[in-house]
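Colleague: The sequence and its predicted three-dimensional model are supplied below.
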Amino acid sequence: MNMKKFSKHFIDSFGTLAVVGMRALCYLGMAALAAGLFFIFLGQQTYPLHTSTGEYEYVKYGETDHKDRPSNGFFVSSPEGVYVCAFESENIDLISYIGLSAMSAVAIIPIIIGLWFLSLVLRNIQKGRIFTDQNSCYLLYYGLIQMAAAVLVPSVKLLISVVANQFTSSVIVDQTGSLIRLEDIIPNVAFIIAAYIIRYGVNLQDEVDHTL
């Protein structure tokens with residue numbers, strides 16, 4: 001086997017392995033996020049809690065004995081920049097818990113949907129179907145969903161916290177606010193461009209086929 005054939009064989013083998021590995025990572029990511037969402041709705045997410053008696057970093061809904069960290073059972077940490085102030089009740093109440101869970105769900109669900117579309121693209125590539133309308137659509141859906149999430153999720157989370165705070169004595173604080181970060185948008189534009197490139201390749205192939 002000469003060097004050229006060896007290089008081609010190595011690239012093909014590495015590419016196949018990379019696609020299989022990335023597809024497995026997509027499935028693992030979806031499973032982990034879905035499990036995290038399940039535990040959140042079971043009340044197994046912890047939040048920083050500020051009370052009149054002190055500040056606690058890991059507090060779950062319904063807890064009355066605030067510890068530095070839960071010693072038993074599985075728990076999910078809160079999103080960065082989100083905490084609860086409860087100077088009257090000293091605990092996270094039901095309304096705050098519902099609001100916090102909704103804020104987490106709004107952030108997690110678009111990621112799960114995006115990973116699903118990516119896994120479909122990788123499945124097609126693994127089967128040798130690269131320049132197809134399906135892949136173009138899946139990449140476009142991924143880019144649009146993640147871009148919409150980057151633009152809308154911060155504002156939706158802030159809105160949820162404001163609404164929840166109207167019905168409870170405690171206060172949900174979201175320090176991240178509703179700012180839109182360019183670093184969350186630019187990578188998704190790349191997926192939309194990739195969708196266009198694949199669609200353009202499909203059109204060129206169709207023209208060649210009709211010409212022949």
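Modeller: That came in fine, so what should we check first?

Colleague: This structure: helices as residue ranges?
Modeller: 3-41, 94-126, 133-165, 182-211 (DSSP state H).

Colleague: can I get these in TSV with mean neighbour count and mean pLDDT?
Modeller: (C-beta placed from N, C-alpha, C; glycine too.) TSV is the format used below for the helices of the chain (neighbours: other CB atoms under 10 Å; pLDDT from 0 to 100):
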stretch	mean neighbour count	mean pLDDT
helix 3-41	13	80
helix 94-126	19	93
helix 133-165	18	92
helix 182-211	13	80
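
Colleague: need those in TSV with distance to Glu55, can you?
Modeller: Output for those, formatted as TSV (distance: least, CB to CB, whole Å):
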stretch	distance to Glu55
helix 3-41	22
helix 94-126	16
helix 133-165	19
helix 182-211	29
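
Colleague: quick one, which of those helices is nearest to Thr51?
Modeller: Comparison of the helices of the chain against Thr51 by CB to CB identifies helix 94-126 as nearest, at 12.7 Å.

Colleague: Distance-wise, check Ser170 relative to Ala164.
Modeller: Distance of Ser170 to Ala164, computed by CB to CB, to the nearest Å: 9 Å.

Colleague: Then Tyr56?
Modeller: 20 Å.

Colleague: list the contacts for Val189?
Modeller: 143, 147 (CB atoms under 8 Å, 6 or more residues apart in numbering).

Colleague: Let's see that with 7 Å instead.
Modeller: Val189 is in contact with Gly143, counting by CB atoms under 7 Å, 6 or more residues apart in numbering.

Colleague: cool, and Leu139?
Modeller: Contacts of Leu139 by CB under 7 Å, 6+ apart are 121, 191, 194-195, 198.

Colleague: how about a cut-off of 8 Å?
Modeller: Leu139 touches 117, 121, 191-192, 194-195, 198, counting by CB under 8 Å, 6+ apart.

Colleague: Val151 against Ile185, yeah?
Modeller: Yes: if you go by CB atoms under 8 Å, Val151 and Ile185 touch, sitting 7.3 Å apart.
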